[in-house]
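Chemist: coordinates for the following, if possible.
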Amino acid sequence: MIVRTLDEITDTDADIKTPNWRSKRIVLAKEKVGFSVHETTLYAGTVNDFWYANHIEAVFVYEGEGEITNKETGETFQLRPGSLYLLNNHDKHQVRPKTDMKTVCVFNPPVTGREVHDENGVYPLVLEEDAEATA
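Modeler: From the prediction side, this is the model:
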């Protein structure tokens, strides 16, 4: 059993900060459970283009408001506490938080914590074995 708190992750290597968002990686590939879990805060007024070409992601909004646009269909959906979106088709999407928006994200395959979005908003597929080899 693994039990963690966000306080234990804050300001560690698993606490990723960018100008648009902050992600605390609670469960990572190294736990070898087949998924990763993150608490991510997207900052109000930012525009975030993502495309998880190598991952499936589910996002549950528990605080704040915003909207998401499916960049392939043009559909836009409002997000508020209790909303969940599932990127089950590796959907290119844009998230625009109206207020700071706190979410819980689950990735499959799990991220290692070393991925960085490329110019297309894509996380490369990094396997835990790859991450261990570069550590």
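
Chemist: per-residue pLDDT, the residue nearest the centre of the chain?
Modeler: The residue lying closest to the centre of the chain (CA atoms, centre = their mean) is residue 105, at 5.2 Å. For residue 105, the pLDDT comes out at 97.

Chemist: tell me the contacts of it?
Modeler: 23, 37-40, 57-60 (CB atoms under 8 Å, 6 or more residues apart in numbering). Any C-beta I mention is one placed from the backbone N, CA and C, and that applies to glycine too.

Chemist: for residue 49, same thing?
Modeler: 71, 92-94, 120-121.

Chemist: poorly predicted segments of the chain, please.
Modeler: Scanning the chain for pLDDT under 70 picks out 121, 128-135.

Chemist: give me the contact list for the host helix or strand of residue 38.
Modeler: Taking DSSP states H and E as the definition, residue 38 sits inside strand 36-42. Outside strand 36-42, the residues that touch it by CB under 8 Å, 6+ apart are 6, 20-29, 48, 59, 64, 66, 95, 97, 100-107, 110-111, 113.

Chemist: quick one: which of the contacts of residue 49 sit in helices?
Modeler: If you go by DSSP state H, those have nothing in helices.

Chemist: on that earlier part again, what about the residue nearest to the centre of the chain, which helix or strand?
Modeler: Residue 105 belongs to strand 101-108, assigned by DSSP H and E.

Chemist: out of the contacts of residue 49, grab the one that's most surrounded.
Modeler: residue 93 (22 neighbours; other CB atoms under 10 Å).
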